[in-house]
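**Student:** sequence first, then the predicted structure, then my questions.
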Amino acid sequence: MTIPNLHPIVRGSIVLAIALFINLYNTGIAAASNQTAIARVETTEVPVSLGSAADELKFFPNNFEFVAGRTYKLVLDNPSPQKHYFTAKDFADASWTRKVEAGNVEIKGAIHELELKPASVAEWVFVPEKPGTYDLRCTIAGHAEAGMTGTIRIVTGKR
Ligand SMILES: [Cu+2]
């Protein structure tokens with residue numbers, strides 16, 4: 001490309017401007033493909049019920065296995081006539097919570113316990129990080145003793 005009859009400094013800045021434009025254009029493409037990569041992260045949905053319509057004091061299921069580094073969405077519901085807690089402090093400490101959604105409220109930050117009133121639903125999106133076996137329990141008096149407990153395992157992913 002030749003730009004005739006211009007002072008060299010002017011010509012230089014035109015070339016620089018074109019180079020800058022190409023750079024910004026490429027950065028834009030990179031940003032767009034990064035967003036696609038984020039959107040493509042697979043989230044495994046895992047439903048869990050706290051209690052049952054017949055008022056059984058159990059988690060359904062009460063045994064979980066998650067692979068470290070993957071993204072999960074725990075969908076919690078309470079079909080029972082009373083309030084329950086999903087308490088798994090050590091598991092929460094061993095995981096990275098992306099967000100918790102309950103009703104129209106989105107909560108970010110450390111989560112150790114989720115309270116679910118009858119007929120309520122909550123979603124917990126997290127990435128398990130530290131492999132191990134962790135306890136789950138409902139902390140309402142008498143519930144864990146009656147069997148409202150569970151086990152959550154984080155296992156290392158195979159490559
Ligand atoms: Cu309970």
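**Tutor:** Happy to help now that I have it. Numbers count the residues shown, from 1 in each chain.

**Student:** and this structure, what are its domains?
**Tutor:** Using automatic domain parsing, the domain parsing of the chain gives 1-40, 43-155.

**Student:** deepest of those domains, which one?
**Tutor:** Highest mean neighbour count of the domains of the chain: domain 43-155, a mean of 16 (counted as mean count of other Cβ atoms under 10 Å). All C-beta spots, glycine's among them, are computed from the backbone N, C-alpha and C.

**Student:** what helix or strand does residue 92 sit in?
**Tutor:** Assigned by DSSP states H and E, residue 92 belongs to helix 89-93.

**Student:** one step back: would you single out the least confident of the domains of the chain?
**Tutor:** Ranked by mean pLDDT, those bottom out at domain 1-40, with a mean of 50.

**Student:** where along the chain do the helices fall?
**Tutor:** Secondary structure of the chain, counting by DSSP state H: helices at 8-39, 89-93.

**Student:** the last one packs against which elements?
**Tutor:** Helix 89-93 is packed against strand 132-137, with contacts defined by 3 or more Cβ pairs under 8 Å, 6 or more residues apart in numbering; DSSP states H and E.

**Student:** off-centre distance for the strand it packs on?
**Tutor:** In terms of Cα atoms, centre = their mean, to the nearest Å, the centre of strand 132-137 is found 19 Å from the chain centre.

**Student:** could I have the CA atoms of it written out in CSV?
**Tutor:** What follows is strand 132-137, C-alpha atoms only, in CSV (Å, rounded to 0.1, in the frame of the first residue of the first chain):
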residue,chain,number,x,y,z
GLY,A,132,-12.7,-36.2,50.2
THR,A,133,-15.8,-37.5,52.0
TYR,A,134,-18.0,-35.0,53.6
ASP,A,135,-21.0,-35.1,55.9
LEU,A,136,-24.5,-33.8,55.0
ARG,A,137,-27.1,-33.3,57.6
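
**Student:** the ion contacts on the protein?
**Tutor:** Those residues of the chain that sit near the ion, judged by Cβ under 5 Å from the ion, are 84, 138, 140, 143, 148.

**Student:** tell me the contacts of residue 121?
**Tutor:** Applying Cβ atoms under 8 Å, 6 or more residues apart in numbering, we find residue 121 in contact with 75-78, 102.

**Student:** of these, which belong to strands?
**Tutor:** 75-77, 102 (DSSP state E).

**Student:** what's the closest of those residues to residue 63?
**Tutor:** residue 76 (15.5 Å; Cβ to Cβ).
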